[in-house]
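[1] quick one: sequence and predicted model below, then my questions.
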Amino acid sequence: MLLNPSLTPQSTMNPNGSRVKGIVVFSGGSAANNLVDVFKTVQGNKKCTLSYVIPISDNGGSSSELIRVFGGPGIGDVRSRLVRMIPDDPDHDDSEKAAIKAFFNHRLPKDRIEAKQEWLKIVEADHPLWANISSAKKELIRSFLNTINLEIVKRLRPSSTFDFSSASIGNLFLTGARLFTGSFESAIYLLSSICSVPSSVSVLPAINTNFTHHITVGLANGTKITGQNSISHPSAPTALQNQGTPPSEHEETEEHDRIEDANLPGSLPTLRKQYITFSKSDEDDLPARIERLWYINPYGQEIRLAANSKVLDALRECQCIIYSIGSLWTSIIPSIVLKGVGELIASPVIRHKILILNSTLDRETGPSTEPYSATDFIAAISRAGYESRGIVGPIPQYDYRSYVTHVIHLQGPGTPAVYKEELAALGIESIRVYGRRVEGESFQRYDEKALVQALEVTMGRRDPRAAAQSRRNTLDN
């Protein structure tokens, strides 16, 4: 088995020979990518390891087409984090690193024909994206792109062809590496090595699997929504074949059973559709609050899954847990509900469990009738921890502190409400930091320096005078 320095970070030691415990960050993809430099700075100052726990349940965008044809986990968020961590060296002009980042982040055109034409140019090394990538890395990368291209051709059927529209080159590469090695872990190792991810940082899929795992949520009004795409940013599915009158559920299942793809015959149609195009900005509110999330098998039956063993190892060896910004129910909760995770999070040995509250509400947390407060975020995380442990029933509020000890938040229009007195009564400390506005955006962003200082003050800095100065300058506690 390949030993991946990105998956098993080297432990760091104190001068007295004791091991320095690490930091575990629960996050999704795009939103938390904005805070990668923050976590990198805190990790460097603490001189410890850093582990990102990423869910693999995304079934939207170009990932939906890879899942439909090849099965396997949703890999987009893992790829996004690995590529985001390509180190920048301001003292050196490293054009290759910039080229690799651009290459793996590149998406093909939305038009189906244009997308396939561009894909063939990339596979044949006749594309500007290859400029500034060394011959050795180019041929290594190209070999796995050729692997996925061959697999696409092998699976070509009259009933099903692969749609390259908006496909991510990084996702195609990671899938090709997974199919070639037969190991998701090895595919991550390969991409992390090419991206020069530091050995002290690990990107851990919440479940280490070669299979597809989907999620379902239950709403307060009894409604169930299946599939991450439908929960977070629903879109009309891309039709595999032209159809007239919308089919019944039975007819739709039979129609999908005639399509040769990676899905089991008879599995839920909603999990077998293409969801290549969607919008994260044009979304309707959910009709009621989400109350619970669980994993399902291809037929919609609830199942309990165990977490990646390396995630559990990281939690056993951490000094701090951070719940990053992002979609609460589809980026954070899917990792917490896995067997083994809740018990380790609740351990009193881990002193700091920090929630970085989103700067705005989204479809999952902002129904117009009842928007989430900070306490609601904490309650959802705590319930997921109980679900992980197999505990059924209401969660006593006094146990919230077992899962969240500190809340770092912004304050202003559109931000979730933070009731300091209510949190204090639960034993949870709230820390307000100052944000910044970006032109053209309607919401605040965390100021990186202020957030670094807030995290370090919370976790405890080595120089108490610096901590006190930081608290006065950036925090309202």
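    Thanks, I have it. Values in this document were obtained by computation on a predicted structure and should not be read as measured data. Residues are numbered from 1 along each chain as shown.

[2] pass me the low-pLDDT residue ranges in the stretch 201-350 of the chain, would you?
    235-246, 278-283 (pLDDT under 70).

[3] which parts of it are helices?
    Ranges of helices in the stretch 201-350 of the chain, per DSSP state H, counting those that start in this stretch, are 228-232, 249-257, 309-316, 333-336, 341-345.

[4] dump those to CSV, plus mean neighbour count and distance to P158.
    In short, each C-beta sits where N, CA and C put it, glycine included. Conversion of the helices of the stretch 201-350 of the chain to CSV gives the following (neighbours: other CB atoms under 10 Å; distance: least, CB to CB, whole Å):
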stretch, mean neighbour count, distance to P158
helix 228-232, 25, 27
helix 249-257, 15, 14
helix 309-316, 19, 42
helix 333-336, 27, 36
helix 341-345, 22, 44
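
[5] tell me which of the ones you listed lies nearest to L286.
    Proximity to L286, assessed across the helices of the stretch 201-350 of the chain by CB to CB, is greatest for helix 228-232 (8.4 Å).

[6] give the residue spans of the stretch 51-200 of the chain that score low on pLDDT.
    Using pLDDT under 70, the flagged stretches of the stretch 51-200 of the chain are 89-93.

[7] change it to 90
    Within the stretch 51-200 of the chain, the stretches with pLDDT under 90 are 60-62, 87-94, 159-160.

[8] helices along that one, start to end?
    Under DSSP H, counting those that start in this stretch, the stretch 51-200 of the chain gives helices at 62-70, 76-84, 95-105, 112-123, 135-154, 169-181, 184-194.

[9] turn those into CSV, including distance to E364 and mean neighbour count.
    Converted to CSV, these look like this (distance: least, CB to CB, whole Å; neighbours: other CB atoms under 10 Å):
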stretch, distance to E364, mean neighbour count
helix 62-70, 19, 24
helix 76-84, 16, 25
helix 95-105, 25, 18
helix 112-123, 30, 16
helix 135-154, 32, 16
helix 169-181, 23, 23
helix 184-194, 26, 23
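
[10] now D376: how far from Y400?
    11 Å (CB to CB, to the nearest Å).

[11] comparing these two, which residue is more hemmed in?
    Higher neighbour count among D376 and Y400: Y400, with 21 against 16, using other CB atoms under 10 Å.

[12] is the more buried one in a helix, a strand, or coil?
    With DSSP: H, G, I helix; E, B strand; the rest coil as the basis, the three-state label of Y400 is helix.

[13] residue contacts, it?
    Going by CB atoms under 8 Å, 6 or more residues apart in numbering, Y400 touches T375, I378, A379, S382, L426, I428.

[14] any idea how far it lies from S324?
    For Y400 relative to S324 (CB to CB), the value is 19 Å.

[15] number of residues surrounding the closest residue to S331 other than its chain neighbours?
    Nearest in space to S331, with sequence neighbours left out and distances taken as CB to CB, 6 or more residues apart in numbering, is G28 at 2.7 Å. If you count neighbours by other CB under 10 Å, G28 ends up with 26.

[16] check what pLDDT G28 gets.
    As predicted, G28 sits at a pLDDT of 92.

[17] that one contacts P55, doesn't it?
    Yes: counting by CB atoms under 8 Å, G28 touches P55, with 6.6 Å between them.
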